[in-house]
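> Got a predicted structure here, sequence first:
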Amino acid sequence: MLQVENLHVRYGEVTALSGVDIVAKEGEFVTLIGANGAGKSTLLRTISGLSRPSEGAISYRDSRIDRLPAHAIVGLGLVHVPERRSLFPAMTVMENLELGAYRLKEKSEFGGRLRSVFDDFPVLEEKQDRLAGNMSGGEQQMCAIARGLMLGPKLLLLDEPSLGLSPLLVGMLGTIMKRLHEGGLSIILVEQNAFLALRLADRAYVLERGRIALEGTGRELLNSDRVRKAYLGL
Ligand code: ATP
């Protein structure tokens, strides 16, 4: 479904990614773990057209997308939920969800999509008239994911959704991501919470200083000595 080949990304003098290769097959749950500054967000930003590679190729369903503008990439069904939620805090939950649906050509689709998002996140239906900025961190994260789902993604790119959440909410988030995946959605999840990410992953990658250091199934990486020492604190 998605193939990233020999990707290099620079910010001026800083090399954020050098020679990264990853693949995500249709229906797969792919996760990327790594320390602060390893290049995880840069990889998602480059897939979704927000940063440009200096070298390499990104293909989605066999077509190159690395020169497409971000809005065209969203139009293909690659939806990015960025780190730190980026909701509109002075707008209500419902207004944030409506903004998520801005691309819907058929306004009649809106009701069905909203129903499905409310089924996934009942708390958002209850609190649809609250200002997003007045919700808890966990609720804001649910709202950010729900806004992404309103775009009808085929491949969802999630950047550190567990950031700042309590262990209880991280558990809930894991259940929600698993359910979305079981419903047929392909997901690429970037996480510092390696335990959460590897438990969910069909395929997982470890990114270290801009390069892929390890790859395998989630289970293989959970059992790898290097991952256990460096990322799981075991
Ligand atoms: P974090 O979890 O802290 O977000 P990350 O693994 O997502 O880390 P990136 O944010 O992709 O890592 O950063 C990779 C490298 O690129 C780091 O060295 C970072 O300082 C640098 N970098 C990221 N964004 C910029 C930018 N806009 N300008 C300059 N350097 C940047």
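Nice, I can see it.

> Close to the ligand: what parts of this structure are there?
For the chain, the residues in contact with the ligand (CB under 6 Å from any ligand atom) are 11, 14, 16, 34, 36-42, 192. Placement of C-beta: from N, CA and C, glycine included.

> I'd like to know which of the residues you listed are part of strands.
11, 14, 16 (DSSP state E).

> Go ahead and list the helix or strand containing the residue nearest the centre of the chain.
Ranked by distance to the mean C-alpha position of the chain (CA atoms, centre = their mean), the top residue is L158 at 1.2 Å. Assigning secondary structure by DSSP states H and E places L158 in strand 155-159.

> Now do whatever helix or strand comes next after that strand against strand 155-159, angle only.
For strand 155-159, the following helix or strand on the C-terminal side (DSSP H and E) is helix 167-182. Here helix 167-182 runs at an angle of 160 degrees relative to strand 155-159 (axes from the mean of the first three to the mean of the last three CA atoms, to 10 degrees).

> I'd like to know which elements helix 167-182 is packed against.
The contact analysis (3 or more CB pairs under 8 Å, 6 or more residues apart in numbering; DSSP states H and E) places helix 167-182 against helix 108-120, helix 137-149, strand 186-191, helix 194-200.

> Paired strands for the third one, with orientation please.
The reference is to strand 186-191. strand 29-33 (parallel), strand 155-159 (parallel) (DSSP bridges).

> Of all the ones you listed, which one is nearest N223?
Nearest to N223 among those is strand 29-33 (14.4 Å), distances taken as CB to CB.

> Put the alpha carbons of that closest one into CSV.
In CSV, the C-alpha atoms belonging to strand 29-33 read as follows (Å, rounded to 0.1, in the frame of the first residue of the first chain):
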residue,chain,number,x,y,z
PHE,A,29,-0.8,-2.0,11.5
VAL,A,30,2.7,-0.6,11.3
THR,A,31,4.5,1.1,14.1
LEU,A,32,7.7,3.1,14.4
ILE,A,33,9.4,3.5,17.7
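
> Report how many residues lie close to V14.
10 (other CB atoms under 10 Å).

> Ok, L149 next?
23.

> ditto for L2
Residue crowding around L2 was assessed by other CB under 10 Å; the count is 22.

> thinking again about what came up before, any idea which of the residues of the chain next to the ligand has the most stuff around it?
G39 (26 neighbours).

> was I right about it contacting A16?
Yes - contact criterion CB atoms under 8 Å: G39 and A16 qualify, at 4.8 Å.

> Can you check which residues contact both of these two?
Both G39 and A16 are contacted by 9, 210, under the criterion CB atoms under 8 Å, 6 or more residues apart in numbering.

> Next up, the contacts around the nearest residue to S59 once chain neighbours are set aside.
Using CB to CB, 6 or more residues apart in numbering and skipping the chain neighbours, the partner closest in space to S59 is Q3 (4.7 Å). Q3 makes contact with 22-23, 57-59, according to CB under 8 Å, 6+ apart.

> Now tabulate those residues in TSV and tack on pLDDT and secondary structure.
Formatted as TSV, the contacts of Q3 follow (pLDDT from 0 to 100; DSSP: H, G, I helix; E, B strand; the rest coil):
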residue	pLDDT	secondary structure
I22	97	strand
V23	97	strand
A57	97	strand
I58	98	strand
S59	97	strand
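
> Kindly supply the ChimeraX command isolating those of those residues that are buried.
The buried subset of the contacts of Q3, as determined by 16 or more other CB atoms under 10 Å, is captured in ChimeraX by this line:
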select :22,58
